[in-house]
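> return atomic coordinates for the entry below.
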Amino acid sequence: MLDIKFVRENSEIVKENIKKKFQDEKLPLVDEAISLDFEKRETQKKADELRANRNRLSKEIGNLMAQGKKEEGMALRAKVKEQADELEALSEKENELGKRLTSIMMIIPNIIDDSVPIGKDDSENVEIQKYGEPTVPDFEIPYHTEIMESFGGIDLDSAGKVAGNGFYYFMGDIARLHSAVLAYARDFMIDRGFTYCIPPFMIRSAVVEGVMSFAEMDAMMYKIEGEDLYLIGTSEHSMIGKFIDTIIPESELPQTLTSYSPCFRKEKGAHGIEERGVYRIHQFEKQEMIVVCKPEDSKMWFDRLWQNTVDLFRTLDIPVRTLECCSGDLADLKVKSIDVEAWSPRQKKYFEVGSCSNLSDAQARRLKIRIKGENGNYLAHTLNNTVVAPPRMLIAFLENNLQADGSVKIPKVLQPYMGGKTKIDKK
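Take a look at the predicted model:
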């Protein structure tokens, strides 16, 4: 969320940014926000004048009563009562204007970084670099659920009966592989200096509104009926929420955390749920990383975060590439985002396995996450990135490590988490 002072003083920049994101329908919101802000400040000014006058009259009444001038004091009391009613009306108006202004400011997108390519949607994202050599073996690679079924490792039919489409049972070596990848990712991030955390898997609406846009909320979040709680779609939300309404000393920054959690998503919208596989589902597990830092450090941390994901995938013998997300593919709170995509030998193309985002001070402004500096308090910057998110990541793992005999090799770094196994064999 932008600072209204910035919007007032840079309205053309804000409008140009909206155009770059191809959200022209939001252009009138800028002038509306400025108008509401002016009216709110004028109302506040009148209310402050009334409060000052009321305080002055109250002192005057006290003096008159002390002098025995009761009649004059009572007359002033009636005037104070009249002003109190007017002040109450002004306060209500100020509160209502503030709510309307906030609702608009929550919709106006954050200012994107100058380096972000301009494009309408994800089809115009820009490849940055490839890591590892993408190869296609000389044998056919089955669909990922068929590979899992060959190990007796997945049961979609039972999951469909129990919970519907978008759910699964993992079994045997596939279930163990799933847990092994998460445990390895956890230790990988701990070795890089991040503090491990298991966060709440439900968050209140105040946190939801602080960490994401309304459009994302509607498309993703499951609401707990009858309670002010939502199931998390990613642990980033509860991890950033950990710092709500806090003032962090500069000496305690950066805060670098890595977290495990299940994630729950409606997957509402164009993509939908894939019935056959486990690429887009309602429930999955993930290892995440977040950073809370000083504004001048956020660009440096952004590059460190996405590099962590690239490095992890390369230790598992999976070729990846990085993509710069274009302006139209950025969620409204983000100033810059890079996707990490893994190579699929079966599809002969890359697909998304993680996303790294810099949100500058947007989440911090909403959640009141401040830094205590020598010259006063100021807003922090927040960043997040996927370490690994099976079962989607398992698709890339199984395809890239599948052998001609149907077995799957286990890379050396993962073997300790698989009980020393060097491969898993077909049933």
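> assign residue 360 to helix, strand or coil.
Taking DSSP: H, G, I helix; E, B strand; the rest coil as the rule, one finds residue 360 in the coil state.
> in a helix, residue 37, correct?
Yes: the assignment for residue 37 (three-state DSSP) places it in a helix.
> please tell me how far it sits from residue 2.
Distance, residue 37 to residue 2, by Cβ to Cβ, to the nearest Å: 12 Å. C-betas here are computed from N, CA, C, even on glycine.
> contact partners for residue 127?
321, 322, 323, 324 (Cβ atoms under 8 Å, 6 or more residues apart in numbering).
> residue 148: which of those residues is nearest?
Ranked by distance to residue 148 (Cβ to Cβ), the contacts of residue 127 are led by residue 321 at 24.9 Å.
> point out where the chain drops to low pLDDT.
Residues of the chain meeting the criterion pLDDT under 70: 55, 57-61, 63-66, 70-71, 73-82, 268-275.
> helix/strand/coil for the residue at the greatest distance from the centre of it?
For the chain, the residue at maximal distance from the C-alpha centroid (Cα atoms, centre = their mean) is residue 68, at 65.2 Å. Secondary structure assignment for residue 68 (three-state DSSP): coil.
> residue 32 now?
helix.
> tell me the buried residues in stretch 419-427?
421, 424 (16 or more other Cβ atoms under 10 Å).
> residues contacting it, please?
Outside stretch 419-427, the residues touching it (Cβ under 8 Å, 6+ apart) are 150-152, 173, 176-177, 403, 405-410, 415, 418.
> how about the strands in the stretch 1-150 of the chain?
126-131 (DSSP state E, counting those that start in this stretch).
> typo on my end, it should be the stretch 201-350 of the chain
202-203, 222-223, 230-231, 246-249, 255-264, 283-293, 320-324, 336-344, 349-358.
> sort out which residues of the fourth one are buried, please.
Read it as strand 246-249. residue 248.
> okay, now the sheet partners of that strand, with direction.
strand 369-373 (parallel) (DSSP bridges).
> for the partner strand, the distance to its chain's centre please.
20 Å (Cα atoms, centre = their mean, to the nearest Å).
> and if you look at stretch 147-162?
31 Å.
> contacting residues around the closest residue in space to residue 298 that isn't next to it in sequence?
Nearest residue to residue 298 in three dimensions, chain neighbours excluded: residue 381, at 3.8 Å (Cβ to Cβ, 6 or more residues apart in numbering). Counting by Cβ under 8 Å, 6+ apart, residue 381 touches 292, 293, 294, 295, 297, 298, 358, 359, 360, 361, 364.
> are any of these buried, and which?
When the contacts of residue 381 are checked against 16+ other Cβ under 10 Å, the ones flagged as buried are 292, 293, 294, 298, 358, 359, 360, 361, 364.
> pull the most distant pair out of these.
294 and 359 (14.4 Å).
> count of neighbours near residue 155?
One way to gauge burial is a neighbour count; for residue 155, by other Cβ atoms under 10 Å, it gives 16.
> skip the chain neighbours and tell me the closest residue to residue 105.
residue 1 (5.4 Å).
> am I right that that neighbour is in contact with residue 367?
No: using Cβ atoms under 8 Å, residue 1 makes no contact with residue 367, being 10.0 Å away.
> before we move on, the earlier item: would you turn the strands of the stretch 201-350 of the chain into CSV with distance to residue 62?
Listed next are the strands of the stretch 201-350 of the chain as CSV, based on distance: least, Cβ to Cβ, whole Å:
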stretch, distance to residue 62
strand 202-203, 50
strand 222-223, 53
strand 230-231, 52
strand 246-249, 39
strand 255-264, 52
strand 283-293, 50
strand 320-324, 67
strand 336-344, 60
strand 349-358, 57
